[in-house]
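[1] output the structure for:
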Amino acid sequence: MSDIKADVILDTKGLSCPMPVLKTKKAIDGLQSGQVLEVIATDPGSKSDIPALLRRLGHELVQTKENGDVIEFYIKKA
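    Prediction:
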């Protein structure tokens, strides 16, 4: 799979729950439909919290990458 081009990048490294989820929701709210948000997180809870948020809101988790303790989420706004 080729790298996904994000329209907006949200860096939440170093933030603890619930901040990565709250900031992700706020960033998604600012996107146009079809745009892609990249969220960079280090909070282990984000691995389950962000996908759960997206299921609840109806947005698409396009890809997740893990590199050490850094997790990158690529989210497409519905």
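
[2] going forward, measure contacts and count neighbours with C-alpha atoms only.
    OK.

[3] helices along the protein, start to end?
    Along the chain, the segments classed as helices by DSSP state H run 19-29, 46-57.

[4] closest to G68 out of those helices?
    G68 sits nearest to helix 46-57 of all the helices of the chain, at 13.0 Å, using Cα to Cα.

[5] give the other helices and strands that that closest one contacts.
    Under the contact criterion of 3 or more Cα pairs under 8 Å, 6 or more residues apart in numbering; DSSP states H and E, helix 46-57 touches helix 19-29, strand 60-67.

[6] from S16, how far out is K77?
    When Cα to Cα, to the nearest Å is applied, the distance between K77 and S16 equals 24 Å.

[7] more neighbours: which of the two?
    A direct count of neighbours by other Cα atoms under 10 Å for K77 and S16 places K77 higher, at 21 against 15.

[8] would you format the helices of the chain as JSON lines with mean neighbour count included?
    Shown next, in JSON lines, are these (neighbours: other Cα atoms under 10 Å):
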{"stretch": "helix 19-29", "mean neighbour count": "17"}
{"stretch": "helix 46-57", "mean neighbour count": "15"}
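
[9] any low-confidence regions in this protein?
    By pLDDT under 70, the weakly predicted segments of the chain are 1-2.

[10] one more pass at 50, please.
    Within the chain, the set of residues satisfying pLDDT under 50 comprises 1.

[11] got a list of contacts for stretch 7-23?
    Counting contacts by Cα atoms under 8 Å, 6 or more residues apart in numbering, the residues outside stretch 7-23 that touch it are 24, 27, 35-43, 45-46, 49-50, 53, 70.

[12] next: stretch 71-78.
    Contact with stretch 71-78 is made by 4, 6, 28, 31-42, 47, 58-66, as judged by Cα under 8 Å, 6+ apart.

[13] let's go with 7 Å and repeat that
    28, 31, 33-42, 58-66 (Cα atoms under 7 Å, 6 or more residues apart in numbering).
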